[in-house]
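>>> here's my sequence, what's the structure:
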Amino acid sequence: MTIVPSLGSFVAPYKPLNNITPFTYRDGATYLEVLEDLRFYVNNTLVAFVNTNFGMLGDAFETQVNLMIDNVESQLAAQSATVNDQLADETTFVNQSIADLTAYVDLAVETITNSSIEVAGTVVLALINNPTSDVRVALNGLYAAKSDVATLQTLVASGRLSQTALDNAYVAAAIITGAGRLSQASLDAAYLASTLASGSGRLSQSSLDAAYAAKTIETIVSTGRLSASSLPLSLSGTYAARPAANSVPVNSIYYCTNVPEMYVTNGTVWTVIGSGGNELASATIAAGPGFTFTSTALIDVTGLTVSFTVGERPIEIRFFADYSNSVANAVTDSFMILDGTQIGQAGLNPPYAGVTQSIYSNARKTGLTPGTTHTAKIQAAVSSGTGKFGSAFNASFMQVVTL
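This is a model prediction of the structure:
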């Protein structure tokens, strides 16, 4: 985007026209001609400049925000679809395993009952405890990472599996970190899809809530259960506290609290976004008595000193005051000082004693180190007489803004 720099070439007369004399020539033009030139400049140059440049800035900002929103929504939709597909596959496998096991157990019980075969408890226990027996191998396959609460409850209710044995084996932390009877991955997938209930209380809903629901996005990302690269963050803090651009997800936003600026990362560098024009500091001398001085050497104008912290944008320092002097044609100089160095100057010499004239000056500054603090002030001196900043109607002020 290119800002059109030209604002035309309207030039005001050097001396004010104190009296309205429409057809009298002063400084090469009549008052009516000067007024017509000013009207033409405002309507045909200044208005077009403001509409063109500020409209472009607004459109560019809206476009970037919409692109960012579309990107986040598309990534979230893709992540959700992947999780749903994985959960559907696991559900189908578990249901089929439960159906096969139920049919197998029912057939075995019916066969034993019909044959009037009685199996001693000590024999069953020996088969279970023997790691190489077919019974032990079958049980290991049944209660690996593919079992669920409903199946366990059914087996316990039928009497084919001891409630006490289950409690001893699964209630403790070994349910996750022990022999792999229920894997962390399957627990995560089941809970995130809201399909795991508290059931008989062997795994409480409250403990799962404490482990998952109360966790922040940052915590879930840090455990590896959610990919950090797929979820941009919204961060804020001082400029000095801003993290490295490659340490946070792409398209993350950082708002700087001590410099009113916002940045976005592309994974390599931070880029300032949005428009300038934010006020960093200001100072005002109220209308009325104002500030009077007689010094012929530069002195600080009391009340017009400010300190501020800069970001990555250039800055502009602005100064305005109504000025008068007790002596006709006495020269007044005013300077804008930044960190002890002059960066701007404006001077007046009113032709009449006590006559008020307006003075305005501004200066642009680039190259300041982001995050550093600076001091700006106004200094002034007179060639003779008593100078005064301020009038009965207008306050004097200085302002520092971003560009």
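
>>> so in the chain, where's the weakest helix or strand by average pLDDT?
Across the helices and strands of the chain, mean pLDDT, DSSP states H and E gives its lowest value to helix 174-177, namely a mean of 42.

>>> the helix or strand hosting Val400 pairs with which strands?
Per DSSP states H and E, Val400 falls inside strand 396-402. When pairing is defined by DSSP bridges, strand 396-402 lines up against strand 279-285 (antiparallel), strand 315-325 (antiparallel).

>>> turn the ones you listed into CSV, including distance to Phe335 and mean neighbour count.
To be clear about C-beta, it is placed using only N, CA and C from the backbone, and glycine gets the same treatment. Shown next, in CSV, are the strands paired with strand 396-402 (distance: least, Cβ to Cβ, whole Å; neighbours: other Cβ atoms under 10 Å):
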stretch, distance to Phe335, mean neighbour count
strand 279-285, 15, 17
strand 315-325, 9, 23
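
>>> columns mean pLDDT on top of these, output as TSV?
Formatted as TSV, those follow (pLDDT from 0 to 100):
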stretch	mean pLDDT
strand 279-285	93
strand 315-325	91
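
>>> avg pLDDT for stretch 103-117?
Averaged across stretch 103-117, the pLDDT comes to 71.

>>> take the strands paired with strand 396-402 and write them to TSV, including distance to Asn362.
As requested, these are arranged in TSV below (distance: least, Cβ to Cβ, whole Å):
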stretch	distance to Asn362
strand 279-285	13
strand 315-325	5
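
>>> those strands: which one's closest to Ser361?
Closest to Ser361 of these, according to Cβ to Cβ: strand 315-325, at 4.9 Å.

>>> looking just at contacts, which helices and strands does the one helix or strand Asp300 maps to meet?
Asp300 is located in strand 299-309, with elements delineated by DSSP H and E. The elements that strand 299-309 packs onto, with contact taken as 3 or more Cβ pairs under 8 Å, 6 or more residues apart in numbering; DSSP states H and E, are strand 279-285, strand 291-293, strand 373-382, strand 396-402.

>>> any buried residues in the helix or strand immediately after the third one in the chain, and which?
Taking DSSP H and E as the definition, the helix or strand that follows strand 373-382 towards the C-terminus is strand 387-389. By neighbour count, with 16 or more other Cβ atoms under 10 Å as the criterion, the buried positions of strand 387-389 are 387-389.

>>> from those residues, pick the one nearest Glu90.
Closest approach between the buried residues of strand 387-389 and Glu90, by Cβ to Cβ: Phe389, at 77.8 Å.

>>> quick one: that closest one and Ala380 touch, right?
Yes - Phe389 lies in contact with Ala380 (Cβ atoms under 8 Å); the separation is 7.2 Å.

>>> what do those two both touch?
Residues within reach of Phe389 and of Ala380 at once, by Cβ atoms under 8 Å, 6 or more residues apart in numbering, are Val301.

>>> alpha carbons of the strand holding Val400, as CSV, please.
What follows is strand 396-402 as a C-alpha-only set of coordinates in CSV (Å, rounded to 0.1, in the frame of the first residue of the first chain):
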residue,chain,number,x,y,z
SER,A,396,-0.8,25.2,24.7
PHE,A,397,0.1,21.6,24.2
MET,A,398,2.6,19.0,22.9
GLN,A,399,1.8,15.5,21.8
VAL,A,400,3.7,12.4,20.8
VAL,A,401,1.9,10.0,18.4
THR,A,402,2.9,6.9,16.3
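
>>> report all helices and strands that the longest helix along the chain contacts.
Across the chain, the longest stretch assigned as helix under DSSP state H is helix 47-114. Helices and strands touching helix 47-114, by 3+ Cβ pairs under 8 Å, 6+ apart, are helix 149-158, helix 184-192.

>>> one step back: of all the helices and strands packed on strand 299-309, which one comes closest to Gly311?
strand 396-402 (6.8 Å).

>>> got the contact list for the closest one?
With contacts defined as Cβ under 8 Å, 6+ apart, strand 396-402 is touched by 260-261, 276-285, 290-291, 301, 304, 306, 308, 311, 313-322, 336, 376-378, 389-390.

>>> thinking again about what came up before, mind putting the helices and strands packed on strand 299-309 into JSON lines with distance to Pro243?
Formatted as JSON lines, the helices and strands packed on strand 299-309 follow (distance: least, Cβ to Cβ, whole Å):
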{"stretch": "strand 279-285", "distance to Pro243": "23"}
{"stretch": "strand 291-293", "distance to Pro243": "45"}
{"stretch": "strand 373-382", "distance to Pro243": "21"}
{"stretch": "strand 396-402", "distance to Pro243": "22"}
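
>>> so where's the stretch 151-300 of the chain uncertain?
Within the stretch 151-300 of the chain, the stretches with pLDDT under 70 are 151-230.
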